[in-house]
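Trainee: Generate coordinates for the sequence data below:
(2 chains)
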2 protein chains.
Amino acid sequence: MDTWAPVDDGSGFTLACLPYGVAGGRVVVRIGDGVVALGDVLGDHQWRDAVEADSLNPVMTLGVDAWSEIRDRVTTFLTTSANERALTPVGSVELSLPFQVGDYVDFYSSIEHATHLGELFRPDAEPLLPNWRHLPVGYHGRSGTVVVSGTPVRRPNGLVLDGEAGVVRRPCARLDIELEVGFVVGAGSDEPIAPDEADRHVFGAVLVNDWSARDIQAFEYQPLGPFLGKSFLTSISAWVVPLAALAPFLVEPPEQEPVPDAALQATRPWAIDLGLSVDLNGATLTRNNFRGLYWTFAQQLAHMTSNGATTRTGDLFASGTVSGWNQGELGSLIEMKRPFLDDGDSIVLRGVCGEGANAVGFGEVEGTVVKA
Amino acid sequence: MDTWAPVDDGSGFTLACLPYGVAGGRVVVRIGDGVVALGDVLGDHQWRDAVEADSLNPVMTLGVDAWSEIRDRVTTFLTTSANERALTPVGSVELSLPFQVGDYVDFYSSIEHATHLGELFRPDAEPLLPNWRHLPVGYHGRSGTVVVSGTPVRRPNGLVLDGEAGVVRRPCARLDIELEVGFVVGAGSDEPIAPDEADRHVFGAVLVNDWSARDIQAFEYQPLGPFLGKSFLTSISAWVVPLAALAPFLVEPPEQEPVPDAALQATRPWAIDLGLSVDLNGATLTRNNFRGLYWTFAQQLAHMTSNGATTRTGDLFASGTVSGWNQGELGSLIEMKRPFLDDGDSIVLRGVCGEGANAVGFGEVEGTVVKA
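Mentor: Okay, the predicted model is just below:
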């Protein structure tokens, strides 16, 4: 099966991908360097109203059977009679935040990252705290400051502990990134969600840059966790990659020791073979793979709901910083032991599964630092 | 000025109060034991659509001048020609969550509570951590599980550390309450909000019970803060008391030592002389006053936005547990060193400013524990 739409093999926006975004108050689907409006694909379908919206939420709330049918219709549209007029160059549209975020949860699920940070912050103790291997540690972040790729990143001001000067308010001097993958809930639930039910609830995935003001965070975070060191901004990619597109790239996760509690066990493979990278001002700092993450997104969702907490359309949960063990595989600057971000610095995170005509690309999430 | 509507002096729902709620998809105002629909008060006014809604958000987003005019019109309506037909008994309407919550932030601003918990958790160290007197410590909670008074409180399950049994999943055995006061943002901002600007942004206040699973929280909370120990449910009162009604009760807060950073200083008094109480199964456990809180809500809002984080209509921020120094003044069971909640236990928090015809009542927030 092939599409009449031109697809640059390098983009990852192939017929196997078909991610959703929002442009000009309409839901759009990307193919190659073009977009088609989902409303033009659906015609007079009953779901037409849901896709003529400034967010994906009305589509996501339709549920997994609708997601499947819509994806089939888009595939048919792009593989039958050519309709080049339906294709708009992506460069000529303005992409907005693809969905309205409900609750935003950020996890901490890379054993490499958690170990590196433990070694930095508690050099004389075991780097992993006693809970880490028993549950995916996480916390709630600020949903109102989740923004789309390309939004400038204003350096935050904050109270920091500055040696003999004591506590002073100043622009963050340790502005960092965190390379993450986020998952958006399409169909919420009033009940706990078992790991193997994840694909009935998760609509798709995005790239996330969890900008972090390390000096603000260091002073504020005890005992209730990160707050202003994170809440100023979180950037996500403009394209939501449907979970259906990721199905061929689901693989077994790393072995877990100890074996987790029954409510966190899955029988299906939920790790994702997804190559990630970080560029700073065009130079690649990092290449790693999401498949190595200790806790899968399915386990994260199960944990998040295991206490009876409900989920809603638009809830976003992110993986936590994805790091490997070695230099060149690290997802944050603090782990690289290199200088933090200067004003004017541009960070681009990218992600792609597979290659060639079967590639499934996440595109990028870009942010440029502007002065406080 | 007097109202034709019957007002039981004990209720606190006087002409001086006039809190807003939502019943049957309409915004309503409470007076005594009755409610009037705001749509019936406004008639053909341009804001009519905003008040025929299932949340206060459309009214709140109109801004402070509109809030003032609406309050004036309600006062006029209730003090001129009697219109008893416009009054519906509150017992005959079903009150829903009064607003759609944007982000939910929970602070930790009672020096008495923070000291008590520091003594419990870190008995050999200074009870207050080094940041506590420099900034109002807080964190983001789950907005999707904020519910209205009367919603049953299902005991959460979770992973806890149980002596020799190790890590086990079981129903929470240390289910606690937190007596708090919450503030809802009506008019958001893209800029930091100075403390003295709080009343241009905060629409009103509610009572909050921040249900807490102490055993789940104890195992999970390092290093990123409370998560599932809190996220299962947070209850708020059905009535939002307008900040305008609280103006006569604004008083000077306790002296702060050290003097806080300039961005957290106010010239106007922002503490609130508001009597609070906690009842367990009809027996009063606690009486205290919100005016003693170390950090005011105006300082909390200023802090929350000082890093550039934006605010939106519906953002809710809560005070943290309000405690005094003595038994009988404590806002959580863990501080009282008494048994935690059993299934079937009912907790009622109440709040009222002043007395008699000038009283401004918050009503109550009730929750009854049901089995896991």
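
Trainee: Those residues of the stretch 151-300 of chain A touching chain B, which are they?
Mentor: Neighbours of chain B within the stretch 151-300 of chain A, by CB under 8 Å from any CB of the partner chain: A:154, A:156-159, A:161, A:167, A:169, A:213, A:216, A:219-229, A:231-233, A:261-263. Just so you know, the C-beta spots here come from the backbone N, C-alpha and C atoms, and that holds for glycine as well.

Trainee: Which residue ranges of the stretch 51-200 of chain A form helices?
Mentor: Using DSSP state H, counting those that start in this stretch, the helices of the stretch 51-200 of chain A run over residues A:57-60, A:64-79, A:111-121.

Trainee: And for the spatially closest residue to A:L264 that is not a sequence neighbour, the neighbour number?
Mentor: Once flanking residues are discounted, A:L264 sits nearest to A:Q299: 5.0 Å by CB to CB, 6 or more residues apart in numbering or on different chains. For A:Q299, the tally of surrounding residues (other CB atoms under 10 Å in any protein chain shown) stands at 25.

Trainee: residues contacting the residue in the stretch 201-350 of chain A positioned nearest to chain B?
Mentor: Going by CB to the nearest CB, chain B is nearest to A:G225 of the stretch 201-350 of chain A, at 2.3 Å. If you count contacts by CB atoms under 8 Å, 6 or more residues apart in numbering or on different chains, A:G225 has them with A:Y139, B:Y139, B:Y221, B:P223, B:L224, B:G225, B:P226.

Trainee: Dump the residues you listed into JSON lines; add secondary structure and distance to A:W67 as well.
Mentor: Formatted as JSON lines, those follow (DSSP: H, G, I helix; E, B strand; the rest coil; distance: CB to CB, whole Å):
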{"residue": "A:Y139", "secondary structure": "strand", "distance to A:W67": "29"}
{"residue": "B:Y139", "secondary structure": "strand", "distance to A:W67": "33"}
{"residue": "B:Y221", "secondary structure": "coil", "distance to A:W67": "36"}
{"residue": "B:P223", "secondary structure": "coil", "distance to A:W67": "36"}
{"residue": "B:L224", "secondary structure": "coil", "distance to A:W67": "32"}
{"residue": "B:G225", "secondary structure": "coil", "distance to A:W67": "34"}
{"residue": "B:P226", "secondary structure": "coil", "distance to A:W67": "33"}
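
Trainee: could you redo these as CSV and give each row pLDDT?
Mentor: Shown next, in CSV, are these (pLDDT from 0 to 100):
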residue, pLDDT
A:Y139, 98
B:Y139, 98
B:Y221, 94
B:P223, 93
B:L224, 96
B:G225, 96
B:P226, 97
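
Trainee: quick check, nearest of those to B:G150?
Mentor: When the contacts of A:G225 are ranked by distance to B:G150 (CB to CB), B:P226 comes first, at 24.4 Å.

Trainee: That closest one contacts A:L224, doesn't it?
Mentor: Yes: using CB atoms under 8 Å, B:P226 is in contact with A:L224, at 6.6 Å.

Trainee: what touches both of those two?
Mentor: Common neighbours of B:P226 and A:L224 (CB under 8 Å, 6+ apart) are B:Y139.

Trainee: what about A:V208, helix or strand, and which?
Mentor: Using DSSP states H and E, the element containing A:V208 is strand A:202-209.

Trainee: Output the contacting helices and strands for that strand.
Mentor: If you count contacts as 3 or more CB pairs under 8 Å, 6 or more residues apart in numbering or on different chains; DSSP states H and E, strand A:202-209 packs onto strand A:179-185, strand A:234-236, strand A:241-242, helix A:243-246, helix A:297-305, strand A:346-353, strand A:360-370.

Trainee: Could you dump those into CSV and include distance to A:D315 and mean pLDDT?
Mentor: As requested, those are exported to CSV (distance: least, CB to CB, whole Å; pLDDT from 0 to 100):
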stretch, distance to A:D315, mean pLDDT
strand A:179-185, 4, 98
strand A:234-236, 13, 98
strand A:241-242, 17, 98
helix A:243-246, 14, 98
helix A:297-305, 9, 98
strand A:346-353, 21, 98
strand A:360-370, 19, 98
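
Trainee: are any of the residues of the stretch 151-300 of chain A next to chain B buried, and which?
Mentor: A:154, A:156-159, A:167, A:169, A:213, A:216, A:219-221, A:223-229, A:231-233, A:261, A:263 (16 or more other CB atoms under 10 Å in any protein chain shown).

Trainee: I figured A:Y139 hits B:H140, correct?
Mentor: Yes: counting by CB under 8 Å, A:Y139 touches B:H140, with 7.3 Å between them.

Trainee: which residues touch A:G324?
Mentor: A:E112, A:N288, A:N289, A:G292, A:L330.

Trainee: Run through chain A and note the low-pLDDT ranges.
Mentor: Residues of chain A meeting the criterion pLDDT under 70: none.

Trainee: Quick check: residues of the stretch 1-150 of chain A near chain B?
Mentor: A:102-103, A:105, A:108, A:121, A:129-131, A:134-135, A:137-145.

Trainee: Now the buried members of those residues.
Mentor: A:102-103, A:105, A:108, A:129, A:131, A:134-135, A:137-145.

Trainee: which stretches of the stretch 251-372 of chain A form strands?
Mentor: A:271-272, A:275-280, A:283-289, A:316-318, A:346-353, A:360-370 (DSSP state E, counting those that start in this stretch).

Trainee: Nearest to A:L78 among those strands would be which one?
Mentor: Here strand A:360-370 is closest among the strands of the stretch 251-372 of chain A (CB to CB), at 15.1 Å.

Trainee: tell me which strands and helices the closest one is in contact with?
Mentor: If contacts are counted by 3+ CB pairs under 8 Å, 6+ apart, strand A:360-370 sits against strand A:153-154, strand A:202-209, strand A:234-236, strand A:241-242, strand A:346-353.

Trainee: need those in CSV with distance to B:F203, can you?
Mentor: Converted to CSV, the helices and strands packed on strand A:360-370 look like this (distance: least, CB to CB, whole Å):
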stretch, distance to B:F203
strand A:153-154, 27
strand A:202-209, 31
strand A:234-236, 26
strand A:241-242, 38
strand A:346-353, 37
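
Trainee: Could you point out which of the ones you listed sits nearest B:V90?
Mentor: Smallest distance to B:V90 across the helices and strands packed on strand A:360-370 (CB to CB): 40.4 Å, for strand A:202-209.

Trainee: and that closest one with strand A:179-185, angle?
Mentor: 150 degrees (axes from the mean of the first three to the mean of the last three CA atoms, to 10 degrees).

Trainee: quick one: strand A:202-209 to helix A:297-305, angle?
Mentor: Using the same axes, to 10 degrees: strand A:202-209 against helix A:297-305 is 100 degrees.

Trainee: Please pull up the helix or strand immediately following strand A:202-209.
Mentor: Following strand A:202-209 toward the C-terminus (DSSP H and E): strand A:212-213.

Trainee: List the buried residues for stretch A:251-263?
Mentor: For stretch A:251-263, by 16+ other CB under 10 Å, it's A:P253, A:Q256, A:P260, A:D261, A:A263.

Trainee: List of residues touching that stretch?
Mentor: A:111, A:133-135, A:192, A:194, A:265, A:269-273, A:291-296, A:299, A:302-303, A:306, B:159, B:167, B:169.

Trainee: Using CSV, write out every CA atom in it.
Mentor: Coordinates of each C-alpha in stretch A:251-263 appear next as CSV, following Å, rounded to 0.1, in the frame of the first residue of the first chain:
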residue,chain,number,x,y,z
VAL,A,251,9.1,-4.6,22.7
GLU,A,252,9.9,-6.3,26.0
PRO,A,253,11.1,-3.9,28.7
PRO,A,254,14.2,-4.5,30.8
GLU,A,255,13.9,-7.2,33.5
GLN,A,256,12.6,-5.8,36.8
GLU,A,257,14.2,-6.9,40.1
PRO,A,258,12.3,-7.3,42.4
VAL,A,259,9.3,-8.5,40.4
PRO,A,260,6.8,-5.7,40.8
ASP,A,261,3.4,-6.0,42.6
ALA,A,262,0.7,-7.8,40.7
ALA,A,263,-1.1,-4.6,39.8
